[in-house]
Every structure is written in structure tokens, then in C-alpha cells.
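In: here is a sequence together with a model predicted from it:
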Amino acid sequence: RKEVEQDPGPFNVPEGATVAFNCTYSNSASQSFFWYRQDCRKEPKLLMSVYSSGNEDGRFTAQLNRASQYISLLIRDSKLSDSATYLCVIHNFNKFYFGSGTKLNVKP
Amino acid sequence: DVKVTQSSRYLVKRTGEKVFLECVQDMDHENMFWYRQDPGLGLRLIYFSYDVKMKEKGDIPEGYSVSREKKERFSLILESASTNQTSMYLCASREGRGSYEQYFGPGTRLTVT
């Protein structure tokens, strides 16, 4: 079983839409959680950490549900520039586990 | 800004060749990582290092070795390249305790023919 699973998408949404991605993880002892963004043919970059109480950064909201072992990312008012692949990352016992990513296409 | 550089953007090697991938970071980070990224599989950890001369196996170390003689440099070695090692290789660094953010290099697209 994979440590981290994501729906690969693609999610095709119009500009201005709200879109949400989920990511499930298998190890209930996982310690820290993150969303990274990867543009086409570029390296991944940290988008935001995910805190137990949920956290927001502008149009982006991340949430953690430890009971059901998933994290989510909500993007409001989507922009064309949000088009990218979003990677879910889990930190366990000194290792980082990456999901295979969810591709988002925001259309005009 | 943290900068992580990798020695080559694209590399083509023949089966059986020894391949060296170099990674250098300029922010005095303690931790460094090598991943490979394949479609549908995401990033998979090959090796990581928490300090100079220290190394730990990741999830897919077979066929690879690493070297960290200096803090800023982490090398990935393919002892005898095989076609199933054709992939995108990404190096990352992390400050260490208290910070989880990883900074990635631009990647090396390796093709083994």
C-alpha cells in the first residue's frame, strides 16, 4: 500500500471556480503534512504546511483530518496561474513521502 | 534565496556506464536528499544524508550509491546504469531541525540507452 495517495486528475476548472483536492495517507503516526506545487518541467516548491487546526494562506486553505487520515487543499477564486500539479507530502520518522500529484488546469 | 544546483539538466548514458549526478546547495543546509520522479509514481526517495559523511537508504536505493564529503555537495552514483534508471532525478536540501521545507534543484533528466 502506498504511503500517500492522490487522485491524479486532471481537474479542469474555469477561472474563478473553487476546487478541492484530497490526499490520503496510510501511516496513522505521520507527523507533519505539506502541499507542494510543481509547474510543468519545474521542480516542486512548498505551497503550504498543513496544521491540525487547519490553516489559510490567501485563497488557499489546507486541512488535516487525522481520524480519517487525509489532508485537503481548497483553492478559491482560481487563477490561470494556479494551473500546476499539487503534491501531497507526509513526514514520517525522518523521511518524506510524496504523492504522485493532482493536476489542475484552470481555463479562461 | 536558497539555491540548489544540479550538474546537468539532461544526460544520456549507455547501459553499463558509471554515472555521477552532482548536487550543490549554498545555504549551509544540514540535510540533503536524492529522489527520482516517474509518471504515476511521484517522487521516490533514493538516499538522504543528515550530515557530512552520513548517509541513509531511502525507499529505492538498489543500484545507487551516494557520497557526501562536503556539507554543500551530495553526489548520486549509478554504478552500472540500466534502462530502468531512466528518470528525472531531483536533489533537495533542508535546513535541519525546526524546518521541514525542502528546496529542490531543477532536476536532471537521465536517459539510459
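Out: Cool, the structure landed.
In: for the lowest-mean-pLDDT helix or strand in chain B, name the packing helices and strands.
Out: None of the helices or strands of chain B scores lower by mean pLDDT, DSSP states H and E than strand B:99-104, at a mean of 90. Identification of packing neighbours for strand B:99-104 by 3 or more C-beta pairs under 8 Å, 6 or more residues apart in numbering or on different chains; DSSP states H and E yields strand A:45-50, strand B:87-96. Every C-beta, even on glycine, is put in place using the N, C-alpha and C of the backbone.
In: so which of the ones you listed comes closest to residue B:27?
Out: Closest approach to residue B:27 among those (C-beta to C-beta): strand B:87-96, 7.0 Å.
In: may I see the buried residues of the least confident helix or strand of chain B?
Out: For strand B:99-104, the neighbour count (16 or more other C-beta atoms under 10 Å in any protein chain shown) marks B:100, B:102-104 as buried.
In: do stretch B:67-77 as well
Out: Buried, per 16+ other C-beta under 10 Å, within stretch B:67-77: B:67-68, B:71-72, B:74-76.
In: what about the residue lying closest to residue A:31 once chain neighbours are set aside, which helix or strand?
Out: Spatial nearest neighbour of residue A:31, excluding adjacent residues (C-beta to C-beta, 6 or more residues apart in numbering or on different chains): residue A:91 at 5.4 Å. Residue A:91 is part of strand A:84-92 when elements are defined by DSSP states H and E.
In: hang on, isn't residue A:54 packed against residue A:61?
Out: Yes: counting by C-beta atoms under 8 Å, residue A:61 is a contact partner of residue A:54 at 6.8 Å.
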